[in-house]
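[1] Provided below are the primary sequence and the corresponding predicted coordinates.
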Amino acid sequence: MAEEAGTGLVFHPMEPFKIHSMFDGEPIRWFEFFVPTNATLWMAIGVVMIALLMVVGTLRRALVPGRIQSLAELAYGFVHKMVEDVAGKDGLVYFPYIFTMFLFILFSNFLGLIPMAFTPTSHIAVTGVMALGVFIGVTALGFMKHGSHFLNLFWVSAAPLPLRPILAVIEVISYFVRPVSHSIRLAGNMMAGHAVIEVFAAFAPVILISFVGVVVTPLALLAIVGMYALEILVAFVQAYVFTILTCVYLKDALHPGH
């Protein structure tokens with residue numbers, strides 16, 4: 001978003017990430033603690049889209065699947081194989097949770113590419129809750145299944161004995177940093193790409209106010225197209241990275257000695 005100010009343009013690349021009430025003036029409160037916002041709206045749309053794909057799209061299952069059924073089966077098989085390959089067969093017990101999280105991130109990312117839409121996964125409040133859920137869940141699972149033996153995850157027995165205490169401290173620090181890196185990676189990538197597109201979009205109207213715009217505007221439009229294509233790839237890759245890291249953390253909880 002850009003506006004003319006004096007001799008140049010003023011950019012507001014963070015404008016698409018602002019959270020605001022869905023209602024003008026005094027917000028309508030459904031409950032005392034809840035105010036509908038653009039963030040909750042697009043998260044709800046994502047949940048509805050997931051339901052349409054996985055429930056409505058597979059109501060009329062056929063031996064030769066249609067397009068929607070094929071897409072649903074492809075997503076299911078993709079995540080199922082990921083969980084089995086990374087966490088092992090005993091990790092498939094937690095497949096429903098991981099699959100749901102993957103679909104939520106994927107749909108949130110792709111819906112955010114719609115013009116004037118909001119990207120929930122660009123906010124650390126959303127990705128942080130998911131990352132904390134994974135962190136607390138796998139940590140509790142590790143202690144429930146292995147008790148104090150879960151602490152073997154931090155003891156590098158293959159290293160020389162004098163180095164093991166130092167490495168243990170490093171492992172503990174890296175373990176507690178997991179939810180931070182897990183959440184910031186997703187939110188940062190989604191925010192950065194959209195902000196860059198917003199900056200390029202601000203240059204597009206230059207042709208209307210300056211002769212330089214004859215050169216700048218076409219380049220800006222090409223950059224927008226290129227960045228948009230890249231963001232389509234990033235939307236999938238970031239959902240994949242978040243999910244596969246979840247599988248890795250689950251593997252550590254199930255097999256801390258490996």
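    Sure thing, it's come through. Numbering: from 1, shown residues only.

[2] which element follows the strand or helix carrying residue 108 toward the C-terminus?
    Residue 108 is part of helix 95-111 when elements are defined by DSSP states H and E. Sequence order places helix 124-146 as the next helix or strand after helix 95-111, per DSSP H and E.

[3] In the helix holding residue 108, which residues are buried?
    95, 98-99, 101-111 (16 or more other C-beta atoms under 10 Å). (C-beta placed from N, C-alpha, C; glycine too.)

[4] As TSV, the residues you listed with pLDDT would be great.
    Below are the buried residues of helix 95-111 laid out as TSV (pLDDT from 0 to 100):
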residue	pLDDT
95	96
98	96
99	96
101	95
102	96
103	96
104	96
105	96
106	96
107	95
108	94
109	95
110	95
111	93
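
[5] Give me the below-cutoff pLDDT ranges for the protein.
    Applying pLDDT under 70 to the chain flags residues 1-13, 23-34, 206-213, 257-258.

[6] longest helix in it, by residue count?
    helix 213-254 (DSSP state H).

[7] Can you name every helix or strand that that one contacts?
    Counting contacts by 3 or more C-beta pairs under 8 Å, 6 or more residues apart in numbering; DSSP states H and E, helix 213-254 packs against helix 67-87, helix 95-111, helix 124-146, helix 164-203.

[8] what is the orientation angle of that helix with helix 95-111?
    170 degrees (axes from the mean of the first three to the mean of the last three C-alpha atoms, to 10 degrees).

[9] Report the contact partners of the residue nearest to residue 84 when sequence neighbours are not counted.
    Leaving aside its sequence neighbours, residue 84 sits nearest to residue 92 (C-beta to C-beta, 6 or more residues apart in numbering; 6.0 Å). Residues near residue 92 by C-beta atoms under 8 Å, 6 or more residues apart in numbering: 80, 83, 84.

[10] so the last one touches residue 93, yeah?
    No: checked against C-beta atoms under 8 Å, the pair residue 84 and residue 93 is beyond contact range at 11.2 Å.

[11] what's the distance between stretch 227-234 and the middle of its chain?
    How far stretch 227-234 lies from its chain's middle: 14 Å, per C-alpha atoms, centre = their mean, to the nearest Å.

[12] got the buried residues for that stretch?
    227, 231, 234.

[13] And for the closest residue to residue 242 other than its chain neighbours, the neighbour number?
    Nearest residue to residue 242, sequence neighbours excluded (C-beta to C-beta, 6+ apart): residue 186, at 5.2 Å. Look at residue 186: counted by other C-beta atoms under 10 Å, it has 26 neighbours.

[14] residues touching residue 186, list them.
    Contact analysis of residue 186 by C-beta under 8 Å, 6+ apart lists 105, 121, 127, 238, 241, 242.

[15] 10 Å instead?
    By C-beta atoms under 10 Å, 6 or more residues apart in numbering, residue 186 lies in contact with 105, 108-109, 121-122, 124, 126-128, 130-131, 238-239, 241-242, 245.

[16] Now list the buried members of the residues you listed.
    Buried members of the contacts of residue 186, scored by 16+ other C-beta under 10 Å, are 105, 108-109, 121-122, 124, 126-128, 130-131, 238-239, 241-242, 245.

[17] Looking at these, which two lie furthest apart in space?
    Greatest spatial distance among the buried ones among the contacts of residue 186 (C-beta to C-beta): 122 and 245, at 18.4 Å.

[18] if we can go back for a sec, just send the buried residues of stretch 227-234 back as CSV, with distance to residue 148 too.
    Below are these laid out as CSV (distance: C-beta to C-beta, whole Å):
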residue, distance to residue 148
227, 50
231, 45
234, 41
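
[19] Which of the residues you listed sits closest to residue 40?
    Looking across those and measuring by C-beta to C-beta, the closest to residue 40 is residue 231, at 22.9 Å.

[20] And for that closest one, nearest residue in space, chain neighbours not counted?
    The nearest residue in space to residue 231 (C-beta to C-beta, 6+ apart) is residue 193, at 4.6 Å.
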